[in-house]
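> Coordinates only, no sequence provided:
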């Protein structure tokens, strides 16, 4: 997978969650994000925001999740003395369960595939051609 293919796949995943179904709608992604933000506000009026705590094991996953939250107008944070792997978020439970978390998981899987392929390629080309795991004894 090339970086361009990854970018296109990420756009498609985002478009799925923003409600875009055609390439023309993708050009109106800003409007789609605004619709999602309005939906969050509407849910917040009927449903009290809950506090969620996420444990994200590495830096790129925390960056991805935080960027996704901010795109929807939510502010991720952590309390003093919490581990750096912790991200706290106040948001309506319905939004987190139906939109935010599923979208994050799909984006994470796409990035993980790309990063694994890139890592394997670089190791194979620059370190040694055999990248298989060691045998179990």
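Great, that's in hand. In this text the structure is predicted, and so the values were computed from the model without any measurement.
> Taking the centroid of the protein, which residue is nearest it?
By Cα atoms, centre = their mean, the chain has its centre lying nearest to residue 104, at 3.1 Å.
> Quick one: end-to-end distance for stretch 66-86.
Using Cα to Cα, to the nearest Å, the end-to-end distance of stretch 66-86 comes to 11 Å.
> Could I get the buried residue list for that stretch?
Buried residues in stretch 66-86, counted by 16 or more other Cβ atoms under 10 Å: 66, 68, 69, 71, 72, 74, 76, 78. Heads up, the C-betas are built off the backbone N, CA and C, glycines and all.
> and what of stretch 53-63?
Using 16+ other Cβ under 10 Å as the test for burial, stretch 53-63 gives 54, 56, 61, 62.
> Tell me who's in contact with the closest residue to residue 55 other than its chain neighbours.
Spatially, and ignoring its direct neighbours in sequence, residue 55 is nearest to residue 85 (5.4 Å; Cβ to Cβ, 6 or more residues apart in numbering). Listed by Cβ atoms under 8 Å, 6 or more residues apart in numbering, the contact set of residue 85 reads 55, 56, 57, 62.
> need the contact list for the closest residue to the second one other than its chain neighbours.
Distances taken as Cβ to Cβ, 6+ apart place residue 62 nearest to residue 56, at 4.6 Å, with adjacent residues excluded. Listed by Cβ under 8 Å, 6+ apart, the contact set of residue 62 reads 56, 84, 85, 87.
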